[in-house]
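# got a predicted structure here, sequence first:
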Amino acid sequence: MALESVRFSILDRSRVRRGQNHGDALRETVAFAVLAEQWGYHRFWVAEHHSVPGVAGTAPTVLAAAVAAATSHIRVGTGGVMLPNHQPLVVAEQFGVLGSLFPGRIDMGLGRSVGFTDGVRRALGHDLDDADDFDARLTEVLDYFEAGRGGVHADSVQGNDIPAFLLATGSGAERAARFGLPLVIAPIAGTQAMVGAIERYRALFQPTARTPRPYVVVSAAVVIADSTEQAHQLLLPEAWSSAYSRTHGEFPALIPPAEIDPATMTDRQRHLFEQALGNQIHGTEDQVAEAVETLVHRTDADELLVHTSTFDRAARLESHRRLARVVGLEG
């Protein structure tokens, strides 16, 4: 499959760097979206995290509104709104308002995750059991985009074309197939496991008027630099943050790669750190082009959603600019 036939999009989690406040991180996200539009990316999505020191994006529909207002034609959406944290009617109405303000440009990406800690879940008024009710919540949201539910209507969605996407891992691929929704998936359990989930999704897919055929968005970290080693260094802060979060219970602000030394980590931290560095596409333009082509060939992806975090903001922006050129976007 030629890369020219694949869409390329960006997911930005509004990562905070040490010494930076959340307001600056959010403004960087909006400025990043403006550049992404200039470089020719298809979508720009923002994420949802709560009470996380290293992530500023806590209200994705609010941030999506700011991104859409600062741009003119790139599609804008969420990757995603975590449905167990919210009432389905409110979610539908929020996207309806976005679609009314920015017609033809809004995507509704939905996920199943709940708050990161017990305290966050209590503050949100939800717990782990709410994730078990995901199918019912998803059905309710989608109902509001059709005829309503129980006599209740999300009036703001009427007349708006707002595609719904499902963020999924493992059995979530079957859920996306059952609901007839585009699948957004990452190689969290490894590329081979992801490929198997995609195959199950395509085999079980139930066409709908909204989505007549399977549509696969593969989410992947991609970094381009002048050398493989430079690109590897750019991956270290996010890998360190990931390992820290899984051993301390919170995502910290990103730190410079020069301060990251695996030798000072516990065995578990080092294992998680090295695991986080796996399945990351990085290197020079030629190396990245070959790796991206391989990923697209293995997954037959319709779209790649690139998510890349590092301490050096300028290097990250340059990486995305170079990727746009490598894959032939019309910037």
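Nice, I can see it.
# rest of the way, CA atoms for contacts and neighbours
Noted.
# next, give phi and psi for the residue lying closest to residue 82 once chain neighbours are set aside.
Of all residues not flanking residue 82 in the chain, residue 111 sits nearest, at 4.6 Å (CA to CA, 6 or more residues apart in numbering). With angles defined as degrees, to the nearest 10, residue 111 sits at phi -130, psi 170.
# residues contacting residue 111?
By CA atoms under 8 Å, 6 or more residues apart in numbering, the contact list for residue 111 reads 79, 80, 81, 82, 83, 166, 167, 168.
# how many neighbours does residue 267 have?
By other CA atoms under 10 Å, the residues close to residue 267 number 11.
# for it, give its distance to residue 273.
Distance, residue 267 to residue 273, using CA to CA, to the nearest Å: 10 Å.
# ditto for residue 264
12 Å.
# these two: who's more crowded?
Using other CA under 10 Å, the more surrounded residue of residue 264 and residue 273 is residue 273, with 23 against 9.
# ok, that one - contacts?
The neighbours of residue 273, taking CA under 8 Å, 6+ apart as the test, are 239, 240, 242, 243, 262.
# inside strands: which ones of the contacts of residue 111?
81, 82, 166, 167 (DSSP state E).
# the nearest residue to the first one once chain neighbours are set aside: helix or strand, and which one exactly?
Translated: residue 81. Nearest residue to residue 81, sequence neighbours excluded (CA to CA, 6+ apart): residue 110, at 4.9 Å. In the assignment (DSSP states H and E), residue 110 maps to strand 106-111.
# just the C-alphas of that strand, formatted as PDB.
Output of strand 106-111 as PDB, limited to C-alpha atoms (Å, rounded to 0.1, in the frame of the first residue of the first chain):
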ATOM      1  CA  ILE A 106     -15.600  17.600  14.200                       C
ATOM      2  CA  ASP A 107     -14.900  14.000  15.200                       C
ATOM      3  CA  MET A 108     -16.100  12.200  18.300                       C
ATOM      4  CA  GLY A 109     -13.500   9.800  19.600                       C
ATOM      5  CA  LEU A 110     -14.800   7.800  22.600                       C
ATOM      6  CA  GLY A 111     -12.800   5.600  25.000                       C
END
